[in-house]
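Chemist: Quick check, what structure comes out for this input:
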Amino acid sequence: TVRIAGYGSDRVHSDLVELAVAAAASLDPEQVSRLSGAAVDGGGPALAGIRLQLRRIHDAVPAARFVYLVTVRGNQVIFLADAEPSESPDYSAPGDVYAEAPEAFREVFSRRFAQTHGPYQDRWGDWVTGLAPVSQHPGGPAVAVLGMDVSAAHYLHVVADYRRFALAIATLFAVVSVLAAGGVWTLRRFNARLQSDLDQLRHAQQRLQLSAAVIHNMVEGLMITDARLLIQSVNPAFERITGYSASEALGKTPRILFSGRHDDAFFHQLHERADAQGNWRGEIWNRRCNGELYPQRTSVSVLRDTAGSINHYAMLFSDNTVQNQMEAKLREMSSVDGLTGIANRRTFDEVLAREWARALRDERPLSLVMADIDFFKGYNDRHGHLGGDSCLQQVAQGIAAAVNRASDLATRYGGEEFAIILP
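Modeler: Presented below is the predicted three-dimensional model:
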């Protein structure tokens, strides 16, 4: 019970950390560093651009109620930007002090590692928060911390669902094991220790009905196999996710779902680890009845009888397509410069390292072009930030239009500097 409930809690926290890190990476650190965290930011283009990106992140992650940027000054946590509309009563303006901010905000800012915090309560409600640092350079000091708040009620609901499921499964298999080991007489002795033979039997039946109802209404698919991996039971969510009816699945093995992306060695290793450790968790690519491939987050639990021998496997799984799409969308946002629409400095660093290694391995040339805009500071001072931004966008479009091969990459290196990688 504790293990499955813990899995539900860990799943919420790990998903939230991944989303917060991807969201923070989608922000332009240079643009974030321009924010002073004061009311003077209110009319500036830097704040407008950051708030636009925060709203995009908010729209890409429906579970997030609030998305915002803060910084730490002394012992105070100060708001830099907020995705909320400025007319909203929940809006926090630049320079507002987050008086109830948990210590986790200061830890992420000073130690520069992502984490989650909660459940906790502030004046806006009860939350579980994903926190990720925003730095101008890898390993450098943080200039801000991105916060992504998810309702604590959602977190507690997920954990409670897993706990109820664990209790139902434990009751179901305890009764089945008792019946198999000793028959009705042993079952009555078992119930007698709980102080009422017939009443406890009735209560056990009620718990079985409850477990059946929980299993029937779960959003996750459930598949129970025997020790030979022959499917003995599935729930409606299994049918909905895989497209196979219960009658088509019963008596078969999980191989009916195999997509071909994983070889026999992968599944042999999975089987050995589950038997040795009692469980296995991970993502598997499976195939629906109609042939469509989908990513499946899977948890395999080994069920043993009173003698310690394996008699069943319980496989709990969910379709991870939407989660992967959200993460892919955020990854895409994190690789593109928000102002010019071409690749950003982070993508430049990754691609240059990869192409440099390839050039050495294949003994092929690699060209690198660095360019900047002459007299840009004077132009920017004369025409303002909006004019400067328009200039940067036009230059970026011109460079991108001249880079024609699929392997070439045009990037904004920083400020008015551009870099083009030509393998």
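
Chemist: right, and the helix or strand after the one helix or strand A401 maps to?
Modeler: Taking DSSP states H and E as the criterion, A401 maps to helix 376-402. Note on helix 376-402: by DSSP H and E, the next helix or strand toward the C-terminus is strand 409-414.

Chemist: now that next one and helix 376-402, what's the angle there?
Modeler: 170 degrees (axes from the mean of the first three to the mean of the last three Cα atoms, to 10 degrees).

Chemist: Which strands and helices lie in contact with the next helix or strand after strand 409-414?
Modeler: Next helix or strand after strand 409-414 toward the C-terminus (DSSP H and E): strand 417-422. Applying 3 or more Cβ pairs under 8 Å, 6 or more residues apart in numbering; DSSP states H and E, one finds that strand 417-422 makes contact with helix 345-362, strand 367-372, helix 376-402, strand 409-414. Quick note: C-beta positions are derived from backbone N, CA and C, even for glycine.

Chemist: highest average neighbour count across these?
Modeler: Comparing the helices and strands packed on strand 417-422 by mean neighbour count (mean count of other Cβ atoms under 10 Å), strand 409-414 comes out on top with a mean of 22.

Chemist: Tell me the helices and strands packed up against that one.
Modeler: On a contact count with 3+ Cβ pairs under 8 Å, 6+ apart, strand 409-414 meets helix 345-362, helix 376-402, strand 417-422.

Chemist: Which strands or helices does the second one pack on?
Modeler: Translated: helix 376-402. When contacts are defined as 3+ Cβ pairs under 8 Å, 6+ apart, helix 376-402 packs onto helix 45-60, strand 409-414, strand 417-422.

Chemist: The helix or strand following the first one - contacts with which helices or strands?
Modeler: In other words, helix 45-60. Using DSSP H and E, the helix or strand that follows helix 45-60 in sequence is strand 64-73. Other helices and strands packing on strand 64-73, by 3+ Cβ pairs under 8 Å, 6+ apart, are helix 45-60, strand 76-82, helix 103-111, strand 125-135, strand 142-151.

Chemist: The same query, at a cut-off of 7 Å, please.
Modeler: If you count contacts as 3 or more Cβ pairs under 7 Å, 6 or more residues apart in numbering; DSSP states H and E, strand 64-73 packs onto helix 45-60, strand 76-82, helix 103-111, strand 142-151.

Chemist: in the stretch 151-300 of the chain, which spans are strands?
Modeler: Secondary structure of the stretch 151-300 of the chain (DSSP state E, counting those that start in this stretch): strands at 221-226, 231-234, 279-287, 293-304.

Chemist: Output the ones you listed as CSV; include the columns distance to R51, mean pLDDT and mean neighbour count.
Modeler: Listed next are the strands of the stretch 151-300 of the chain as CSV, based on distance: least, Cβ to Cβ, whole Å; pLDDT from 0 to 100; neighbours: other Cβ atoms under 10 Å:
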stretch, distance to R51, mean pLDDT, mean neighbour count
strand 221-226, 40, 89, 19
strand 231-234, 47, 89, 18
strand 279-287, 34, 89, 17
strand 293-304, 33, 89, 19
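
Chemist: Can you tell me which of those is nearest to D337?
Modeler: Minimum separation from D337 across the strands of the stretch 151-300 of the chain (Cβ to Cβ) falls at strand 293-304, 29.0 Å.

Chemist: what's the closest one in contact with?
Modeler: With Cβ atoms under 7 Å, 6 or more residues apart in numbering as the contact definition, strand 293-304 has outside contacts at 7, 173, 259, 274-275, 278-288, 310-321, 324.

Chemist: quick one: strands adjacent to it?
Modeler: When pairing is defined by DSSP bridges, strand 293-304 lines up against strand 279-287 (antiparallel), strand 310-319 (antiparallel).

Chemist: how about the shortest one as PDB, C-alpha atoms only?
Modeler: Below are the C-alpha coordinates for strand 279-287, written out as PDB (Å, rounded to 0.1, in the frame of the first residue of the first chain):
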ATOM      1  CA  ASN A 279       8.700  -4.100  -8.900                       C
ATOM      2  CA  TRP A 280       9.700  -2.300 -12.100                       C
ATOM      3  CA  ARG A 281       8.800   1.200 -13.300                       C
ATOM      4  CA  GLY A 282       9.500   2.800 -16.700                       C
ATOM      5  CA  GLU A 283       8.200   3.800 -20.100                       C
ATOM      6  CA  ILE A 284       7.500   1.200 -22.800                       C
ATOM      7  CA  TRP A 285       6.400   1.800 -26.400                       C
ATOM      8  CA  ASN A 286       3.400  -0.500 -27.000                       C
ATOM      9  CA  ARG A 287       1.000  -1.000 -29.900                       C
END
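
Chemist: Can you pull out the residues in contact with it?
Modeler: Identification of contacts with strand 279-287 by Cβ under 7 Å, 6+ apart yields 3, 257-259, 261-262, 270, 273-274, 293-302, 320.

Chemist: for the last one, same thing?
Modeler: The set of residues that contact strand 310-319 without belonging to it, under Cβ under 7 Å, 6+ apart, is 169, 220-227, 229, 241, 275, 294, 296-305.

Chemist: for G118, what are its contacts?
Modeler: Shown in contact with G118 (Cβ under 7 Å, 6+ apart): W127, V128, T129, A152.

Chemist: where's it relative to V61, distance?
Modeler: As judged by Cβ to Cβ, to the nearest Å, G118 and V61 stand 16 Å apart.
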